[in-house]
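In: structure of the sequence below:
(2 chains)
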Amino acid sequence: QKEVEQNSGPLSVPEGAIASLNCTYSDRGSQSFFWYRQYSGKSPELIMSIYSNGDKEDGRFTAQLNKASQYVSLLIRDSQPSDSATYLCAVRNTGKLIFGQGTTLQVKP
Amino acid sequence: EAGVAQSPRYKIIEKRQSVAFWCNPISGHATLYWYQQILGQGPKLLIQFQNNGVVDDSQLPKDRFSAERLKGVDSTLKIQPAKLEDSAVYLCASSSTWGEGELFFGEGSRLTVL
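Out: Below is the predicted model:
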């Protein structure tokens, strides 16, 4: 079992729609959770971090964490073509940051 | 504030040759990471330093890869001899505190092994 699992996609949504990205993790001791965005040929950049159960909103982005189900999600409202990228879920445990394989999001105009 | 610097940006070598990548983290960042990202996959942690000490190198192929962080600042990742499957982007990242906070990534070094 992979430590951090994501559906590789691609996930295709029309402009203006809500994109929902999901991630599961295997280690119950994981302490903090991150979503990174990676454009093609570029390095990852942090867009959201979440540390406790529930929702965290930042602009058009909402991260959701459910530790009991070992599940993290990212919702992107009013999706824009500029949101087209690979979204990486990352989970920290005892200092190590482990990444999933990423979900490719395509937002069609 | 200057970001994480990496060089070279691109490198093409033949299998069995050697290569070295250099990273200069953000000033004052104690923790430095090297990740390997193969096309279509997420970054895989190779080695993590806290100051000049190794915190985790469990996924570093030690028969061919080595890394050092002398004086707790710059770091070098070396591959010798390279294999075809080493073709990837090597990402260096740093963070201010071990076990906490955001990782800041460099632009990466793209290696092609022929």
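In: burial measure for residue 94, as a count.
Out: In the absence of a named chain, this looks at chain A. Applying other C-beta atoms under 10 Å in any protein chain shown, we find 12 residues neighbouring A:T94. Glycine gets a C-beta too; all of them are placed from N, C-alpha and C.
In: meant chain B actually
Out: Using other C-beta under 10 Å, B:S94 has 24 other residues around it.
In: also B:Q80?
Out: Residues near B:Q80, counting by other C-beta under 10 Å: 13.
In: that one and B:P61 touch, don't they?
Out: No: using C-beta atoms under 8 Å as the test, B:Q80 is too far from B:P61 to be in contact (11.1 Å).
In: which stretches in the chain count as strands?
Out: Reading this off chain A. Along chain A, counting by DSSP state E, strands occupy A:4-5, A:11-14, A:19-25, A:32-38, A:45-50, A:54-58, A:61-66, A:71-76, A:85-93, A:96-99, A:103-108.
In: looking at chain B here, not the other one
Out: B:5-7, B:10-13, B:19-24, B:31-37, B:44-50, B:53-56, B:65-68, B:75-79, B:88-95, B:104-105, B:109-113.
In: among these, which comes closest to A:S20?
Out: strand B:31-37 (24.5 Å; C-beta to C-beta).
In: of all the strands of chain B, which one is nearest chain A?
Out: Chain A lies closest to strand B:104-105 among the strands of chain B, at 4.0 Å (C-beta to the nearest C-beta).
In: so which other helices or strands are in contact with that closest one?
Out: strand B:88-95 (3 or more C-beta pairs under 8 Å, 6 or more residues apart in numbering or on different chains; DSSP states H and E).
In: how about low-confidence regions in chain A?
Out: Scanning chain A for pLDDT under 70 picks out A:1.
In: surely A:I18 touches A:I76?
Out: Yes: judged on C-beta under 8 Å, A:I18 makes contact with A:I76 at a distance of 6.8 Å.
In: and the two? Which one has more around it.
Out: Neighbours per residue (other C-beta under 10 Å) separate A:I18 from A:I76, with A:I76 holding more: 23 against 12.
In: could you dump the strands of chain A into a markdown table and include distance to chain B?
Out: Supplementary listing: the strands of chain A in a markdown table, determined by distance: least, C-beta to the nearest C-beta, whole Å:
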| stretch | distance to chain B |
| --- | --- |
| strand A:4-5 | 8 |
| strand A:11-14 | 15 |
| strand A:19-25 | 11 |
| strand A:32-38 | 8 |
| strand A:45-50 | 5 |
| strand A:54-58 | 14 |
| strand A:61-66 | 14 |
| strand A:71-76 | 14 |
| strand A:85-93 | 5 |
| strand A:96-99 | 4 |
| strand A:103-108 | 9 |
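In: who's in contact with the nearest residue to A:E45 once chain neighbours are set aside?
Out: Of all residues not flanking A:E45 in the chain, A:R37 sits nearest, at 5.6 Å (C-beta to C-beta, 6 or more residues apart in numbering or on different chains). By C-beta atoms under 8 Å, 6 or more residues apart in numbering or on different chains, A:R37 lies in contact with A:44-45, A:47, A:85-88.
In: no more questions from me, cheers.
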